[in-house]
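*Asks:* 3D model of this:
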Amino acid sequence: MDYFDPVLSGFGVVFTPVNLLYVLAGVVIGMVIGVLPGLGPVATIALLLPITYEIPAESAIILLAGIYYGAMYGGTITSVLLRLPGEAATVITTIDGYQMARQGRAGSALGIAAIGSFIGGTVSIIGLTLIAPLLARFSLGFGPPENAVLAAMGILLVATLGTVSTAKSLAAAALGLLLAAMGPDPLFASPRFTFGSINLADGVDFVALAMGLFGLGEILYHLEHRARNKLPKPTVSNVWPSRADWRQSRGAVGRGSVVGFVIGLLPGGGGVLSSMAAYGLEKRRSKTPERFGRGAIEGVAAPESANNAAATSSFIPLLTLGIPTNPVMALIFGALLLQGIPPGPRLINENPEVFWGVVDSMYIGNIFLLILSVPLVGVFVRLVSVRDSILAPIVVMVTMLGVYTVNNSTFDMLLVIFFGVVGYLMKKTGFEPGPMVLAFVLGSLLETAFRQSMRIFDGDPTGFVTRPISGTLFVATVLALLAPVGFRLLRRRRALAAEAGRPAGTTGTEPRTDATEDQPSANATEDRSSATPAGNGSRTDTAEGGDPAGTPDADGRAPDGRERVPPPPVD
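*Replies:* Residues are numbered from 1 along each chain as shown. Next comes the predicted model:
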């Protein structure tokens, strides 16, 4: 019973009028920004950092957490109805969700997405409740060597396992480490890399950096790339899935929840990777994989369960180890530091109201999410039509006012403009700001722990691998870095083996003529038009309604030896 006493005390923190309002506000804001393309949870949380500085710590993190998992479902609405993903994690949902909407099953798609999000989030919260205290207790034994290896592992894995080029991610992370080195020395407090400017004596302000990269930079990039098309008027009849839909998708919901929970724990994990992994798993397991991409309800249930589960489980490394695993967690890490609360193993003992208040607020937030997701569908769809000429100036104004209120500094406003341009150029050239911000957040921890460790080891770096915990973390990091290379070599070896096994003179790209090949749709007939090789080696397809046996030879027979049947006379 003692184990659950702190959990019950967390509900006492949540069930106050103010914090319930913050839970509701976070979920609603998250759903709204999930609907609006260009304003994801990263940009929104960056814009709201100045506001969180003025409210209690538990209320601030409750609000930001609600925005994160609320955005996961908000993007689903436009992904299904308009094929317009408002959030990167819902891109996979468009594959089958939009096809269901075209078939008149938009209500079922949205309903199963809401139920899957609720179940995935709840499963992940239960895992967070059970695992986080044990992991925090274990990590209390961490010293400077363990913290140094853990911080390095977080930076390297996020940079190498991301969705863009590894070299570009590492370059962005290196830039973040350089920015983190500006300001006072963490051990001796002497200024460094300030370029003679008194404004940089305390280093680069985290709020200005985040709001510039993710707020202003995202808006600039979005204004350039968003194409304004006339959106259809979707109709949603019944948002409650049928029993057949539920029977067909319940396994996908369960598996997606587990996949999302596990991937959310990993550095670089999050809604995008978890939804892709869950979708791929369901397609491989299915006895009818050809249905995927044509309106399979499992193709909606699995990724939606996974991305909400990942959004919740990503809090475990942050709250227990002090390691953010994705850009959103890096911003929440910064929000805790603004409150004077360092996240890590001591958080659960020194600030239990923050730890358990945030965890328990997710139970309530998921219920709010399930209740509000259906009635507000029409409102959210209309939000997509808001003109950029209205939205962009509001975001820029909020950005500038927000960063000024933190330190009352006009220099911070200049930093926002500078990093806004940097963020825009990074997006335009294929760099992701996420690794840069994560490296900036973890840079001070990495440097301090590394220098303290070298003093402990008398300058001998082998001490990092001789200590049991730090050595295990070091080996795990190396294996995680080498695993993608190994998989790539294995795929290449299989491709070479398959190439060697083909008959001479073939390239592997010849059209299949087997009558049992996959049909293009569930209602396709077995008769298909064949192709005959032309004189120049290209393919010449017969016209629709033409002779299925191909061009006849001189004896009146088709090339395959069958007797040619003349076409019916044309009036």
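
*Asks:* Arg137 sits in which helix or strand?
*Replies:* helix 106-139 (DSSP states H and E).

*Asks:* orientation of the helix or strand containing Glu304 relative to helix 106-139 in degrees?
*Replies:* In this structure, Glu304 sits in helix 298-313 according to DSSP H and E. Counting by axes from the mean of the first three to the mean of the last three CA atoms, to 10 degrees, helix 298-313 points 30 degrees away from the direction of helix 106-139.

*Asks:* Keeping just the C-alphas, turn helix 298-313 into CSV.
*Replies:* What follows is helix 298-313, C-alpha atoms only, in CSV (Å, rounded to 0.1, in the frame of the first residue of the first chain):
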residue,chain,number,x,y,z
GLU,A,298,-5.8,-1.8,-38.4
GLY,A,299,-3.8,0.7,-40.3
VAL,A,300,-5.4,3.4,-38.3
ALA,A,301,-5.7,1.6,-34.9
ALA,A,302,-2.0,0.5,-34.7
PRO,A,303,-0.2,3.9,-35.4
GLU,A,304,-2.7,5.9,-33.3
SER,A,305,-2.2,3.6,-30.3
ALA,A,306,1.5,3.7,-30.7
ASN,A,307,2.1,7.4,-31.0
ASN,A,308,0.0,8.2,-27.9
ALA,A,309,1.8,5.4,-25.9
ALA,A,310,5.2,6.8,-27.0
ALA,A,311,4.2,10.3,-26.0
THR,A,312,3.6,9.1,-22.5
SER,A,313,6.5,6.7,-22.1
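
*Asks:* Tell me how far it lies from the chain's centre.
*Replies:* Computed by CA atoms, centre = their mean, to the nearest Å, the separation of helix 298-313 from the middle of its chain amounts to 10 Å.

*Asks:* what packs against it?
*Replies:* helix 57-82, helix 93-102, helix 106-139, helix 243-265, helix 271-285 (3 or more CB pairs under 8 Å, 6 or more residues apart in numbering; DSSP states H and E). To be clear about C-beta, it is placed using only N, CA and C from the backbone, and glycine gets the same treatment.

*Asks:* could you dump those to a markdown table with mean pLDDT and mean neighbour count?
*Replies:* Listed next are the helices and strands packed on helix 298-313 as a markdown table, based on pLDDT from 0 to 100; neighbours: other CB atoms under 10 Å:
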| stretch | mean pLDDT | mean neighbour count |
| --- | --- | --- |
| helix 57-82 | 86 | 29 |
| helix 93-102 | 84 | 24 |
| helix 106-139 | 86 | 22 |
| helix 243-265 | 87 | 21 |
| helix 271-285 | 82 | 23 |
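
*Asks:* Among these, single out whichever gets nearest to Arg467.
*Replies:* Of all those, it is helix 106-139 that lies closest to Arg467, at 14.3 Å by CB to CB.

*Asks:* If I take the helix or strand just after the closest one and helix 106-139, what angle do their directions form?
*Replies:* Tracing the chain past helix 106-139, the next element assigned as helix or strand by DSSP H and E is helix 144-160. If you take the same axes, to 10 degrees, helix 144-160 sits at 160 degrees to helix 106-139.

*Asks:* next structured bit after helix 144-160?
*Replies:* Following helix 144-160 toward the C-terminus (DSSP H and E): helix 166-180.

*Asks:* That next one: how far from the chain's middle?
*Replies:* 20 Å.

*Asks:* I'd like the mean pLDDT over that helix, please.
*Replies:* In this model, helix 166-180 has a mean pLDDT of 88.

*Asks:* so Met362 touches Tyr69, yeah?
*Replies:* Yes - using CB atoms under 8 Å, Met362 is in contact with Tyr69, at 7.0 Å.

*Asks:* Mutual contacts of those two, please.
*Replies:* Gly121, Thr312 (CB atoms under 8 Å, 6 or more residues apart in numbering).

*Asks:* next one: stretch 170-187 to chain centre, how far?
*Replies:* 25 Å.

*Asks:* Could you list the buried residues of that stretch?
*Replies:* Neighbour-count burial for stretch 170-187, counted by 16 or more other CB atoms under 10 Å, picks out 170-173, 175-177, 179-183, 186.

*Asks:* Over to stretch 15-34?
*Replies:* 19, 22-34.

*Asks:* follow-up on the earlier one: the helix holding Arg137 versus helix 271-285: what angle between them?
*Replies:* Put simply, helix 106-139 runs at 110 degrees to helix 271-285, going by the same axes, to 10 degrees.

*Asks:* and helix 106-139, what other elements does it pack with?
*Replies:* helix 57-82, helix 93-102, helix 243-265, helix 298-313, helix 315-321, helix 347-350, helix 352-373.

*Asks:* what packs against the second one?
*Replies:* With contacts defined as 3+ CB pairs under 8 Å, 6+ apart, the packing partners of helix 93-102 are helix 57-82, helix 106-139, helix 298-313.

*Asks:* low-confidence ranges in the stretch 451-571 of the chain?
*Replies:* 502-571 (pLDDT under 70).

*Asks:* now do 90
*Replies:* 455-571 (pLDDT under 90).

*Asks:* One more: the stretch 201-350 of the chain?
*Replies:* 201-251, 259-260, 262-299, 301, 303-304, 306-314, 316-331, 333-335, 337-350.

*Asks:* ok, and for stretch 347-360, which residues are buried?
*Replies:* Quick answer for stretch 347-360 (16+ other CB under 10 Å): Leu347, Ile348, Asn351, Val354, Phe355, Trp356, Gly357, Val358, Val359, Asp360.

*Asks:* And for stretch 212-227?
*Replies:* Buried, per 16+ other CB under 10 Å, within stretch 212-227: Gly212, Leu213, Phe214, Gly215, Leu216, Gly217, Glu218, Ile219, Leu220, Tyr221, His222.

*Asks:* In CSV: these, plus distance to Met436 and secondary structure.
*Replies:* Converted to CSV, the buried residues of stretch 212-227 look like this (distance: CB to CB, whole Å; DSSP: H, G, I helix; E, B strand; the rest coil):
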residue, distance to Met436, secondary structure
Gly212, 11, helix
Leu213, 7, helix
Phe214, 10, helix
Gly215, 15, helix
Leu216, 15, helix
Gly217, 11, helix
Glu218, 14, helix
Ile219, 18, helix
Leu220, 17, helix
Tyr221, 15, helix
His222, 19, helix
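
*Asks:* Any idea how many residues pack against the nearest residue to Ala201 once chain neighbours are set aside?
*Replies:* Using CB to CB, 6 or more residues apart in numbering and skipping residues adjacent in sequence, the residue nearest Ala201 is Pro191, 5.3 Å away. Applying other CB atoms under 10 Å, we find 16 residues neighbouring Pro191.
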